[in-house]
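Engineer: Return atomic coordinates for the entry below.
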Amino acid sequence: KSVAANRLRPPPVAMAPSALLLAQIFALFAIVALVQRVLEGHKPWLRSSTRDEPPARTGLSTEQPDGIDALGVRALAAVNNTAAGEGLVEVPRGGHAEVTLVANDTDGEAGRAEVQNVSGAAGRAEVQPATNGTSEEAGRAEVPPRWTPTGGNFVQCAPGCGSRFGAKCPLVVALHGAGDRDGSIMKRLLFGWNNALLFADASYCIVFPVSTYGWNWNLAHRSPDFQLVVNVANQAISAYNIDTSAVYLLGYSNGGCFGYALMCGFTRNPFIAFASIEAQPTYTYARFRRYCCPNPKFHLMAVQGTADTAYPIDRVYSAAFCATQPQVVQKHGKQDNRCSGPSSGSAVFMANTKITAYEDDCQAGGSASLYTVIGGTHNALTNTLWKEVWHYYTAVVPSDLQ
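Structural biologist: Here you go, the predicted model:
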């Protein structure tokens, strides 16, 4: 049967020379397309912007919407650093930038550079003083990251901070209150419109993380926000020149309650001190039991207004909360850290504010201070408050910077 079948099969059709040439050309185009796809896999900045995935929400964003590296656009070469020139620079998506013209960078002063990404959208980048950056020769410049209001988790540093060429600086992680999605309200109340007072009195780096669900911080026992905030802090420490003995947490209202939950129960964190503004601690659960802030190893500043009706000074918010702020300060300072005292005094910057402090002879690695604002309400965020918080961080909390 096979022999007969073979006899009945038609003979193979010989391909004409022109058809063969066409087939070879199509095969060549296919090979070129395949090579291009492979190259795209190794160079993400070649990909179309429509194929980009949204940034991860587990720490510092790896890619900004305008294509500028979120961990710090670093100028690889500052060429033609004239005293008055400004130029454009192409920024690979999620990569680095070469600054070709930097303004006012010949005498060691910080300048500005125009930044343009691959999609054509222009941006601006602050340029720190260039090393060896004269008008005659190329130098190197450190460029802090662009801080955008969306996407969250971007670090902003004072001039001279955040650069491996400069001195180590503190890091502040600020947790917004309920409904303040990107921390912009908290930022404006603390530092004024356009952040005019952000670095007016001190040098540091600061980041306002965005919670997993956007509006509020999740206080549940296994909340993903705990690891998110720790990731933000640790990645900022790795990317910037941060003094690890000066990493501070600040939380207001819902952000303060979350800060208590983090510091009291999530002990694998880099924070040495926590400033809680108008908040209360929730119970910490471990081994099927519940505790009221069992971790003694951090310095606590608790700011409490006597007229706050959201988190009152004399009663807990609900059954999920374990103490008022006066109660947790006494427990954390006197009982858990075995500090002497309390001592008393008045705040340095805030009016009508008395301090009750357990800060001396402490035995367990922490301390606690209560700042009672006479007549103070829940609306406590002001630049004066920030000055008091910063004074606490730098005057009370031990640090390698002091």
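Engineer: in the stretch 201-350 of the chain, which spans are helices?
Structural biologist: Ranges of helices in the stretch 201-350 of the chain, per DSSP state H, counting those that start in this stretch, are 224-239, 254-265, 325-330.
Engineer: most packed of those helices?
Structural biologist: When those are scored by mean count of other Cβ atoms under 10 Å, the highest mean neighbour count falls to helix 254-265 (a mean of 26). Every residue, glycine included, has its C-beta placed from N, CA and C.
Engineer: Let me know the angle separating that one from helix 224-239.
Structural biologist: Using axes from the mean of the first three to the mean of the last three Cα atoms, to 10 degrees, the direction of helix 254-265 lies 80 degrees away from that of helix 224-239.
Engineer: okay, helix 254-265 in CSV with CA atoms only?
Structural biologist: In CSV, the C-alpha atoms belonging to helix 254-265 read as follows (Å, rounded to 0.1, in the frame of the first residue of the first chain):
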residue,chain,number,x,y,z
ASN,A,254,-4.7,57.9,61.7
GLY,A,255,-1.0,58.0,60.7
GLY,A,256,-0.1,58.3,64.4
CYS,A,257,-2.3,55.3,65.3
PHE,A,258,-0.6,53.3,62.6
GLY,A,259,2.8,54.6,63.8
TYR,A,260,2.0,53.2,67.3
ALA,A,261,1.0,49.9,65.8
LEU,A,262,4.3,49.8,63.8
MET,A,263,6.6,50.8,66.6
CYS,A,264,4.9,48.8,69.3
GLY,A,265,4.5,45.5,67.4
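Engineer: Over it, what's the mean pLDDT, rounded is fine.
Structural biologist: The average of the pLDDT scores along helix 254-265 is 97.
Engineer: repeat for stretch 328-344
Structural biologist: Across stretch 328-344, pLDDT averages out at 97.
Engineer: For that stretch, measure first residue to last.
Structural biologist: Using Cα to Cα, to the nearest Å, one end of stretch 328-344 lies 17 Å from the other.
Engineer: mind listing what's buried in it?
Structural biologist: 328-334, 336-337, 339, 341-342 (16 or more other Cβ atoms under 10 Å).
Engineer: Any chance of JSON lines for these, columns distance to Ala273?
Structural biologist: Converted to JSON lines, these look like this (distance: Cβ to Cβ, whole Å):
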{"residue": "Val328", "distance to Ala273": "15"}
{"residue": "Val329", "distance to Ala273": "14"}
{"residue": "Gln330", "distance to Ala273": "18"}
{"residue": "Lys331", "distance to Ala273": "17"}
{"residue": "His332", "distance to Ala273": "12"}
{"residue": "Gly333", "distance to Ala273": "13"}
{"residue": "Lys334", "distance to Ala273": "18"}
{"residue": "Asp336", "distance to Ala273": "15"}
{"residue": "Asn337", "distance to Ala273": "13"}
{"residue": "Cys339", "distance to Ala273": "15"}
{"residue": "Gly341", "distance to Ala273": "18"}
{"residue": "Pro342", "distance to Ala273": "18"}
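Engineer: could I get the helices of the stretch 201-350 of the chain as TSV with distance to Thr356?
Structural biologist: Listed next are the helices of the stretch 201-350 of the chain as TSV, based on distance: least, Cβ to Cβ, whole Å:
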stretch	distance to Thr356
helix 224-239	28
helix 254-265	18
helix 325-330	7
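Engineer: looking at the ones you listed, which is closest to Lys168?
Structural biologist: helix 224-239 (10.4 Å; Cβ to Cβ).
Engineer: Could I get the CA-only coordinates of the helix or strand containing Trp386 as PDB?
Structural biologist: For Trp386, the enclosing helix or strand under DSSP states H and E is helix 383-395. What follows is helix 383-395 as a C-alpha-only set of coordinates in PDB (Å, rounded to 0.1, in the frame of the first residue of the first chain):
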ATOM      1  CA  ASN A 383       5.200  74.700  61.200                       C
ATOM      2  CA  THR A 384       5.600  75.500  64.900                       C
ATOM      3  CA  LEU A 385       4.700  71.900  65.700                       C
ATOM      4  CA  TRP A 386       7.300  70.700  63.200                       C
ATOM      5  CA  LYS A 387      10.000  72.800  64.800                       C
ATOM      6  CA  GLU A 388       9.100  71.300  68.200                       C
ATOM      7  CA  VAL A 389       9.200  67.800  66.700                       C
ATOM      8  CA  TRP A 390      12.600  68.400  65.100                       C
ATOM      9  CA  HIS A 391      13.900  69.900  68.300                       C
ATOM     10  CA  TYR A 392      12.900  66.700  70.100                       C
ATOM     11  CA  TYR A 393      14.500  64.500  67.400                       C
ATOM     12  CA  THR A 394      17.800  66.300  67.600                       C
ATOM     13  CA  ALA A 395      18.000  67.400  71.300                       C
END
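Engineer: any low-confidence regions in this structure?
Structural biologist: For the chain, residues meeting the criterion pLDDT under 70 lie at 1-19, 34-152, 399-402.
Engineer: Where is the longest strand in it?
Structural biologist: When the chain is scanned for its longest strand (criterion: DSSP state E), the result is strand 242-252.
Engineer: just checking, what packs against that one?
Structural biologist: With contacts defined as 3 or more Cβ pairs under 8 Å, 6 or more residues apart in numbering; DSSP states H and E, strand 242-252 has these neighbours: strand 169-175, helix 224-239, helix 254-265, strand 273-277, helix 383-395.
Engineer: Quick check: strands, which of the buried residues of stretch 328-344 are part of them?
Structural biologist: Using DSSP E, none of the buried residues of stretch 328-344 sit in strands.
Engineer: how much space is there between Ile185 and Val397?
Structural biologist: For Ile185, the distance to Val397 (Cβ to Cβ, to the nearest Å) stands at 26 Å.
Engineer: For the two, indicate the residue with more neighbours.
Structural biologist: Under the criterion of other Cβ atoms under 10 Å, the comparison of Ile185 against Val397 puts Val397 first, with 22 against 15.
Engineer: helix/strand/coil for that one?
Structural biologist: Put simply, Val397 is coil when judged by DSSP: H, G, I helix; E, B strand; the rest coil.
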